[in-house]
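**Q** Sequence first, predicted coordinates after that:
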Amino acid sequence: MATFLDYADYPTKESWNEQYRKKEDTLNKIRLKEKGGTQTYSVLSSEGLMNLELSFWIGEFNNKANDLINNYIILMHHYDKGIPDTEWFTPREKGGVQFFPHFEEKHHHIIYWFGFYTDSYYTRFASLIDTIYHIINVKYYLGIEAKIGFRGQVAKALKSEDEALFNYLDGIRENHVYKEVEYFRNDITHNFRPNQISSGIKRKKGKGFLSISGGIGEYTTTTAFVANIEKSLNLIAEILDEIREKLESGNKN
């Protein structure tokens, strides 16, 4: 009897490159320019130290970008095997419902790995956005400590240094793609994962009572996840196109 481990495979080199080429224009933009060759930095000046730290953070950004892209390619590898979950439940003749009525045994194993890489994709995406704020923190000499609330504190300090950059980054929070990314990331991390069928049980507390009701539950299909993931890659590419000159330069623009 097959287990999920039997489906824990990776795309071949040819398949990997083919998947990359499908979105090559976008994926190539999700990188920052690193200085080539041997670099020297003066450790006797704040500018030299800033440029040194900046080079490390840009390298870290590119490493995380590679992780995100690799994660994307592997989850698409499993998605392309075929996961028939568009109709994820059907009513039974004698009452009740059947979940995943079009699944064969293999689909349960395939969707496991798709979900596994979907979960990590959203964590990696958030980490990439955080790294942009770390670069800004260094570039603008903001001196914000890396702790809870870091991104918000960097944004607040940035406003007086570069209001145009602040306004652009602040506006991203209202982008519908970004909002959906954050919704998925938050639920995957803190709540019942939307790539699993929920119990359908809902609780509502009133004055002196607790109302409990049941239903079919909620579920986000693999196709819906892929649509958001594709758009999120487009979004991060657009963000970098807009601000890369400010991030890559050794001096404030």
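**A** Everything's here; your move.

**Q** Now N234. Nearest residue, chain neighbours left out?
**A** Closest residue to N234 apart from its sequence neighbours, by C-beta to C-beta, 6 or more residues apart in numbering: T26 at 5.7 Å. (C-beta placed from N, C-alpha, C; glycine too.)

**Q** how about the strands of the stretch 151-253 of the chain, start to end?
**A** 202-206, 209-213 (DSSP state E, counting those that start in this stretch).

**Q** Output the first one in PDB with nothing but the alpha carbons.
**A** So that's strand 202-206. Extracted as PDB, the C-alpha positions of strand 202-206 are listed here (Å, rounded to 0.1, in the frame of the first residue of the first chain):
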ATOM      1  CA  LYS A 202     -19.300  27.500  14.600                       C
ATOM      2  CA  ARG A 203     -19.600  29.000  18.000                       C
ATOM      3  CA  LYS A 204     -21.300  32.300  18.900                       C
ATOM      4  CA  LYS A 205     -21.300  33.600  22.400                       C
ATOM      5  CA  GLY A 206     -24.100  35.700  23.700                       C
END
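
**Q** Tell me which other helices or strands the one helix or strand E53 maps to touches.
**A** Taking DSSP states H and E as the definition, one finds E53 inside helix 46-79. Helix 46-79 is packed against helix 13-22, helix 105-139, helix 222-248, with contacts defined by 3 or more C-beta pairs under 8 Å, 6 or more residues apart in numbering; DSSP states H and E.

**Q** Could you say which of these is packed most deeply?
**A** helix 105-139 (a mean of 19; mean count of other C-beta atoms under 10 Å).

**Q** got the angle between that helix and helix 222-248?
**A** Interaxial angle, helix 105-139 versus helix 222-248 (axes from the mean of the first three to the mean of the last three C-alpha atoms, to 10 degrees): 20 degrees.

**Q** Determine how far the helix holding E53 lies from the middle of the whole chain.
**A** 13 Å (C-alpha atoms, centre = their mean, to the nearest Å).

**Q** Show the contacting residues for I212.
**A** 201-203 (C-beta atoms under 8 Å, 6 or more residues apart in numbering).

**Q** and with 6 Å instead?
**A** R203 (C-beta atoms under 6 Å, 6 or more residues apart in numbering).

**Q** Repeat that for M76.
**A** By C-beta under 6 Å, 6+ apart, M76 lies in contact with Q19.

**Q** any weak-confidence spans in the stretch 151-253 of the chain?
**A** For the stretch 151-253 of the chain, applying pLDDT under 70 flags the ranges 249-253.

**Q** before we move on, back to that, give me the angle between the helix holding E53 and helix 222-248.
**A** Using the same axes, to 10 degrees, one finds that helix 46-79 and helix 222-248 are set 160 degrees apart in direction.

**Q** pLDDT averaged over helix 46-79, what's the number?
**A** The average pLDDT for helix 46-79 rounds to 91.

**Q** so it versus helix 13-22, what angle?
**A** 110 degrees.
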